[in-house]
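In: model the following, please.
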Amino acid sequence: MAKKKLQIFISSTYIDLKEERQAAVEAILGSRHIPAGMELFKAGNTSQLETIKKWINESDLYMLILGGRYGSIEPILGKSYTQIEYEYALEKGIPVFAVVLDDSFLYRKAADKSYEVFEKDNKEKYNEFKEFVMTKIIKIVDDCKDIQIAIKDSIVELENDYPLCGWVRASEIEDSTKIIKENNRLLKENEKLKNQFAKIKEQDKLSKFGYEEIKRVLKKKTIKISGEYFDDKKDFNATYLEFFILYKNAFVTGITNRVGVSDFQSHIYHKICPLLISFGLLEINKVTGAVYRRIEMSKAGLEFMARLEIENNK
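Out: Okay, here's the model as predicted:
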């Protein structure tokens, strides 16, 4: 598998941290990643700031090198460009880490350099910004070698903690032609199986409902018939499915509501048949020349019974 190269945006003040930024660039390149920012940008105007934001958007990680200077102030927001970049990266959810120069490091620099190392004009803003940075992921460094070690360690830690996209050379990516063809074949096969399943499901329907669906409901619903209808005076308990099977012949012949039928047959007609009618297993037919009606097994009911017989005799 090709190793991803991460684009890492380096942010810092400019003149006072040239050496430290160069050390950071070398550390990133040494880790086989891509540095961005550097001397390509100098704080100055809105168009440059917008360009920097685009680079931050395209980067996988954002790294701040914080020395003793606050940096140039953006006139509208009243913050340094460095702080604006840092807060923008946080706002966009880009993993951020900072290397903070130790005071001893800064004092050594101040003794050797002709330029200002410590903030004078905006000290309060610098202190507030540094205090905020110190609440995030940081490593305090004492020299340029420390910077390189801190950067390499931070990259490894962030790679483990975040799902970073990174960049991969096109030549290192496996040929996806075969994968695309296989994916298209599987999509077609899946569509074919879906159509077959839809046909099977349609064939399973007896009326408005499927065979398995009706059987499941009839197995769950129970019937209790008083023993007063039987010689032994014992109550009769069964599921609707058991009752339908037990009295299938009566349903084929027909259950009527004519005057003079037994109390038990009347109970079946008025209390039990309605549910079986609702599933399409029974149907009501008017008897020619008679005032009564007959409930008998429907075509769907006959098919349902036949499938039950086939299952029970497997």
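In: isn't residue 229 up against residue 266?
Out: No: judged on Cβ atoms under 8 Å, residue 229 makes no contact with residue 266 at a distance of 9.8 Å. To be clear about C-beta, it is placed using only N, CA and C from the backbone, and glycine gets the same treatment.
In: which ones are touching residue 258?
Out: Neighbour list for residue 258: 290, 291, 292 [criterion: Cβ atoms under 8 Å, 6 or more residues apart in numbering].
In: so which of those wins on neighbours?
Out: Ranked by neighbour count (other Cβ atoms under 10 Å), the contacts of residue 258 have residue 292 at the top, with 13 neighbours.
In: how about that residue: what's its closest non-neighbour residue?
Out: residue 258 (3.7 Å; Cβ to Cβ, 6 or more residues apart in numbering).
In: what helix or strand is residue 310 located in?
Out: Take DSSP states H and E as the rule and residue 310 turns out to sit in helix 299-312.
In: which elements pack onto that helix?
Out: helix 211-220, helix 240-246, helix 248-253 (3 or more Cβ pairs under 8 Å, 6 or more residues apart in numbering; DSSP states H and E).
In: now those helices in a markdown table, with mean neighbour count?
Out: Compiled in a markdown table, those are given as follows (neighbours: other Cβ atoms under 10 Å):
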| stretch | mean neighbour count |
| --- | --- |
| helix 211-220 | 16 |
| helix 240-246 | 18 |
| helix 248-253 | 14 |
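In: okay, those in a markdown table with distance to residue 144 and mean pLDDT next?
Out: Formatted as a markdown table, the helices and strands packed on helix 299-312 follow (distance: least, Cβ to Cβ, whole Å; pLDDT from 0 to 100):
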| stretch | distance to residue 144 | mean pLDDT |
| --- | --- | --- |
| helix 211-220 | 74 | 88 |
| helix 240-246 | 83 | 91 |
| helix 248-253 | 93 | 89 |
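In: of those helices, which approaches residue 26 most closely?
Out: Residue 26 lies closest to helix 211-220 among the helices and strands packed on helix 299-312, at 69.5 Å (Cβ to Cβ).
In: and the next helix or strand past the closest one?
Out: strand 222-225.
In: list the buried residues in that following strand.
Out: For strand 222-225, the neighbour count (16 or more other Cβ atoms under 10 Å) marks 223, 225 as buried.
In: name the residues that touch it?
Out: The contact list for strand 222-225 (Cβ under 8 Å, 6+ apart) reads 235, 236, 237, 238, 239, 240, 243, 264, 267, 272.
In: any low-confidence regions in the stretch 1-150 of the chain?
Out: Residues of the stretch 1-150 of the chain that meet the criterion pLDDT under 70 lie in 1-2, 38-46.
In: which residue ranges of it form strands?
Out: Ranges of strands within the stretch 1-150 of the chain are 7-12, 34-36, 61-66, 73-74, 79-80, 96-101, 138-141, based on DSSP state E, counting those that start in this stretch.
In: next, format those strands as CSV and append mean neighbour count and distance to residue 54.
Out: Below are these laid out as CSV (neighbours: other Cβ atoms under 10 Å; distance: least, Cβ to Cβ, whole Å):
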stretch, mean neighbour count, distance to residue 54
strand 7-12, 24, 11
strand 34-36, 20, 11
strand 61-66, 25, 13
strand 73-74, 18, 17
strand 79-80, 20, 19
strand 96-101, 22, 17
strand 138-141, 18, 26
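In: could you dump these to TSV with distance to residue 47?
Out: TSV is the format used below for those (distance: least, Cβ to Cβ, whole Å):
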stretch	distance to residue 47
strand 7-12	18
strand 34-36	18
strand 61-66	21
strand 73-74	12
strand 79-80	18
strand 96-101	24
strand 138-141	31
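In: and residue 237, how many neighbours?
Out: Look at residue 237: counted by other Cβ under 10 Å, it has 11 neighbours.
In: make sure it is indeed in a helix.
Out: No: secondary structure of residue 237 (DSSP: H, G, I helix; E, B strand; the rest coil): strand, not part of a helix.
In: so what sits opposite it in the bridge?
Out: residue 224 (DSSP bridges).
In: what distance do you get for it to residue 95?
Out: Distance from residue 237 to residue 95, counting by Cβ to Cβ, to the nearest Å: 67 Å.
In: follow-up on the earlier one: closest one to residue 107 out of the contacts of strand 222-225, please.
Out: Set against residue 107, the nearest of the contacts of strand 222-225 by Cβ to Cβ is residue 239 (90.0 Å).
In: per-residue pLDDT, that closest one?
Out: Note on residue 239: pLDDT of 91.
In: residues contacting it?
Out: So residue 239 contacts 218, 219, 220, 221, 222, 223 (Cβ under 8 Å, 6+ apart).
In: enumerate every residue touching the nearest residue to residue 297 once chain neighbours are set aside.
Out: Nearest-residue entry for residue 297: residue 251, 4.5 Å, with adjacent residues in sequence omitted and distances by Cβ to Cβ, 6+ apart. Residues near residue 251 by Cβ under 8 Å, 6+ apart: 244, 276, 282, 295, 296, 297, 301.
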